[in-house]
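**Student:** 3D model of this:
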Amino acid sequence: MFSQLSELDRRKRVDHIVECLTDLTENKGHDKHIHYKECLDMGLEVKMLEDAPKALQDLVLTVHHCYMFSLSNSGAFKIIENHLGRRFVKLQLAQPQMSFNLPQELIEELMRELKGKGSSASSGTPH
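**Tutor:** So this is what the prediction gives:
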(Lines give C-alpha, C1' and ligand atoms only; values in the text may rest on other atoms or scores of the structure.)
Protein backbone atom coordinates (compact mmCIF):
# COMPACT_ATOMS: atom_id res chain seq x y z
CA MET A 1 0.00 0.00 0.00
CA PHE A 2 2.82 2.40 0.81
CA SER A 3 5.60 0.89 -1.31
CA GLN A 4 6.15 4.21 -3.12
CA LEU A 5 7.21 5.87 0.18
CA SER A 6 10.66 5.84 1.72
CA GLU A 7 11.14 3.56 4.73
CA LEU A 8 11.07 6.54 7.12
CA ASP A 9 7.89 8.04 5.57
CA ARG A 10 6.25 4.62 5.49
CA ARG A 11 7.00 4.07 9.20
CA LYS A 12 5.65 7.56 10.11
CA ARG A 13 2.45 7.01 8.15
CA VAL A 14 1.86 3.53 9.55
CA ASP A 15 2.51 4.73 13.10
CA HIS A 16 0.03 7.60 12.62
CA ILE A 17 -2.64 5.25 11.22
CA VAL A 18 -2.15 2.80 14.10
CA GLU A 19 -2.39 5.68 16.58
CA CYS A 20 -5.66 6.89 14.99
CA LEU A 21 -7.26 3.44 14.86
CA THR A 22 -6.27 2.48 18.41
CA ASP A 23 -7.30 5.77 20.04
CA LEU A 24 -9.87 4.55 22.56
CA THR A 25 -11.45 7.99 22.94
CA GLU A 26 -12.60 7.70 19.30
CA ASN A 27 -12.70 3.95 18.64
CA LYS A 28 -14.11 2.00 21.57
CA GLY A 29 -15.51 -0.88 19.52
CA HIS A 30 -15.40 -2.58 16.17
CA ASP A 31 -18.90 -1.44 15.31
CA LYS A 32 -17.98 2.22 14.69
CA HIS A 33 -18.22 3.40 11.11
CA ILE A 34 -15.09 5.23 9.92
CA HIS A 35 -16.04 7.68 7.20
CA TYR A 36 -14.15 7.88 3.90
CA LYS A 37 -12.81 11.38 4.69
CA GLU A 38 -11.53 10.22 8.11
CA CYS A 39 -9.66 7.37 6.41
CA LEU A 40 -8.03 9.77 3.97
CA ASP A 41 -7.16 12.21 6.77
CA MET A 42 -5.39 9.52 8.79
CA GLY A 43 -3.32 8.52 5.75
CA LEU A 44 -5.07 5.41 4.46
CA GLU A 45 -5.25 4.94 0.72
CA VAL A 46 -8.90 4.23 0.00
CA LYS A 47 -11.08 4.27 -3.09
CA MET A 48 -14.79 4.87 -3.41
CA LEU A 49 -16.82 1.78 -4.26
CA GLU A 50 -18.91 3.98 -6.55
CA ASP A 51 -15.81 4.49 -8.72
CA ALA A 52 -15.29 0.73 -9.15
CA PRO A 53 -16.77 -1.28 -12.04
CA LYS A 54 -20.48 -2.02 -11.56
CA ALA A 55 -19.86 -5.79 -11.38
CA LEU A 56 -17.52 -5.29 -8.40
CA GLN A 57 -20.01 -2.93 -6.72
CA ASP A 58 -22.74 -5.57 -7.09
CA LEU A 59 -20.55 -8.31 -5.63
CA VAL A 60 -19.41 -6.23 -2.65
CA LEU A 61 -22.94 -5.02 -1.89
CA THR A 62 -24.30 -8.58 -2.18
CA VAL A 63 -21.83 -9.80 0.43
CA HIS A 64 -22.56 -6.76 2.63
CA HIS A 65 -26.34 -7.30 2.43
CA CYS A 66 -25.98 -11.03 3.20
CA TYR A 67 -24.01 -10.30 6.36
CA MET A 68 -26.30 -7.46 7.43
CA PHE A 69 -29.33 -9.74 6.96
CA SER A 70 -27.64 -12.54 8.91
CA LEU A 71 -26.64 -10.25 11.76
CA SER A 72 -30.04 -8.59 12.06
CA ASN A 73 -32.16 -11.75 11.71
CA SER A 74 -30.31 -14.21 13.91
CA GLY A 75 -28.58 -14.40 17.26
CA ALA A 76 -25.21 -13.85 15.57
CA PHE A 77 -23.29 -10.72 16.49
CA LYS A 78 -19.91 -11.61 14.96
CA ILE A 79 -19.16 -13.50 11.76
CA ILE A 80 -15.68 -14.20 10.42
CA GLU A 81 -15.36 -16.16 7.18
CA ASN A 82 -12.40 -16.89 4.92
CA HIS A 83 -12.08 -17.48 1.19
CA LEU A 84 -12.40 -21.25 1.74
CA GLY A 85 -15.86 -20.93 3.29
CA ARG A 86 -14.63 -21.70 6.80
CA ARG A 87 -16.39 -19.53 9.32
CA PHE A 88 -16.61 -18.56 12.96
CA VAL A 89 -19.96 -17.27 14.19
CA LYS A 90 -20.40 -15.86 17.68
CA LEU A 91 -23.98 -16.06 18.99
CA GLN A 92 -25.81 -14.27 21.78
CA LEU A 93 -26.85 -16.64 24.55
CA ALA A 94 -30.42 -15.35 24.67
CA GLN A 95 -32.12 -13.66 21.75
CA PRO A 96 -34.96 -11.28 22.56
CA GLN A 97 -38.36 -12.32 21.28
CA MET A 98 -39.92 -10.22 18.55
CA SER A 99 -43.59 -9.68 17.87
CA PHE A 100 -45.38 -8.08 14.94
CA ASN A 101 -48.74 -6.37 14.74
CA LEU A 102 -50.19 -7.36 11.39
CA PRO A 103 -53.43 -6.02 9.90
CA GLN A 104 -56.33 -8.43 10.45
CA GLU A 105 -56.92 -8.73 6.68
CA LEU A 106 -53.34 -9.93 6.17
CA ILE A 107 -53.64 -12.46 8.98
CA GLU A 108 -56.84 -13.83 7.45
CA GLU A 109 -55.27 -14.02 4.00
CA LEU A 110 -52.26 -15.86 5.38
CA MET A 111 -54.50 -18.29 7.24
CA ARG A 112 -56.47 -19.05 4.04
CA GLU A 113 -53.24 -19.68 2.14
CA LEU A 114 -51.89 -21.92 4.89
CA LYS A 115 -55.07 -23.98 4.79
CA GLY A 116 -54.70 -24.34 1.01
CA LYS A 117 -57.91 -22.47 0.18
CA GLY A 118 -56.12 -19.79 -1.91
CA SER A 119 -56.64 -16.05 -1.82
CA SER A 120 -60.03 -16.17 -3.59
CA ALA A 121 -61.94 -17.56 -0.60
CA SER A 122 -64.89 -15.35 0.26
CA SER A 123 -64.96 -15.94 3.99
CA GLY A 124 -63.55 -13.08 6.06
CA THR A 125 -62.52 -15.30 8.98
CA PRO A 126 -60.12 -18.21 9.23
CA HIS A 127 -61.68 -21.70 9.31
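**Student:** what's the first helix or strand after the longest helix belonging to the chain?
**Tutor:** Taking DSSP state H as the criterion, the chain has its longest helix at helix 54-72. Following helix 54-72 in sequence order, the next helix or strand is strand 76-81 (DSSP states H and E).
**Student:** other SSEs contacting that following strand?
**Tutor:** helix 54-72, strand 87-91 (3 or more C-beta pairs under 8 Å, 6 or more residues apart in numbering; DSSP states H and E). Placement of C-beta: from N, CA and C, glycine included.
**Student:** using the three-state scheme, assign the closest residue to residue 10 other than its chain neighbours.
**Tutor:** Nearest residue to residue 10, sequence neighbours excluded (C-beta to C-beta, 6 or more residues apart in numbering): residue 2, at 4.6 Å. Applying DSSP: H, G, I helix; E, B strand; the rest coil to residue 2 yields a three-state assignment of coil.
**Student:** equivalent analysis for the one 3 residues further on, please.
**Tutor:** On the three-state scheme (three-state DSSP), residue 5 is labelled coil.
**Student:** host element of the spatially closest residue to it that is not a sequence neighbour?
**Tutor:** In this structure, residue 5 finds its nearest non-sequential neighbour in residue 13, 6.6 Å apart by C-beta to C-beta, 6+ apart. Assessed by DSSP H and E, residue 13 sits inside helix 7-21.
**Student:** how far out from the middle of the chain is that helix?
**Tutor:** Distance, stretch centre to chain centre, for helix 7-21: 28 Å (C-alpha atoms, centre = their mean, to the nearest Å).
**Student:** and what of stretch 4-17?
**Tutor:** The answer for stretch 4-17 is 31 Å, by C-alpha atoms, centre = their mean.
**Student:** fine by me, thanks again.
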